[in-house]
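Student: Need coordinates for the following:
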Amino acid sequence: MLFNFFPPSEQITNTGVKNLCYGLNFTQSLSSLTLVFQLCKSINDEGAKELSCITKLKSLKALDLNFYACTKITNKGFESLASSFSSLKLLKELKLDFGICDKICYKGIQRLCLSLVDMDKISTIKWNFKGCFKVTDKKIKEYLLELKLKSLKTENIILG
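Tutor: All right, here's what the predicted structure looks like:
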């Protein structure tokens, strides 16, 4: 199932994200989810926090979240969203695009990596944090390798 909020619109707000999460409560058998909020500049930490509703999607195997250029999302919202990933025990593939979200820094990335520690099934991680000047590819890869995720091969960490 694909939820794609495109074309980009500043009219999509935290309320829209909240309503989407309400709908996701009725689709708990979902195995794949793609959400594109690219350039939705009205979404902030509150909207990112609302998406922690994905913890209810226990059968999710693939998750793709695109918040490219949602510049109002800070570490606070990112960490709240990232902490929800740890409950997705069947997740195999995680794609995140937070390019140009320049208020995200190492603390948020570290929280994200920690949320993946007990995820035995994850095999592919694709992340874009370009334009997040407080985050570097080297540091992300370092965090991931420190965690020694059993199922993750280093060649499957795709940054950029």
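
Student: going forward, measure contacts and count neighbours with C-alpha atoms only.
Tutor: Noted.

Student: Let me see the backbone angles for the residue nearest to the spatial centre of the chain.
Tutor: Compute the mean C-alpha point of the chain, and by C-alpha atoms, centre = their mean the closest residue is L96, 4.6 Å away. Note on L96: its backbone torsions stand at phi -130, psi 130 [degrees, to the nearest 10].

Student: Repeat that for S32.
Tutor: phi -140, psi 140.

Student: burial measure for the closest residue to it other than its chain neighbours, as a count.
Tutor: What sits nearest to S32 in space, not counting adjacent residues and going by C-alpha to C-alpha, 6 or more residues apart in numbering, is A62, at 4.6 Å. Neighbour count for A62, taken as other C-alpha atoms under 10 Å: 19.

Student: returning to that earlier point: measure the residue nearest to the centre of the chain to K130 for me?
Tutor: From L96 across to K130, the span is 11 Å (C-alpha to C-alpha, to the nearest Å).

Student: next one: K103
Tutor: Taken as C-alpha to C-alpha, the span from K103 to K130 is 12 Å.

Student: T13 now?
Tutor: T13 is 23 Å from K130, where distance means C-alpha to C-alpha.

Student: and stretch 115-132, which residues are buried?
Tutor: By 16 or more other C-alpha atoms under 10 Å, the buried positions in stretch 115-132 come out as 115-117, 119, 121-125, 127-132.
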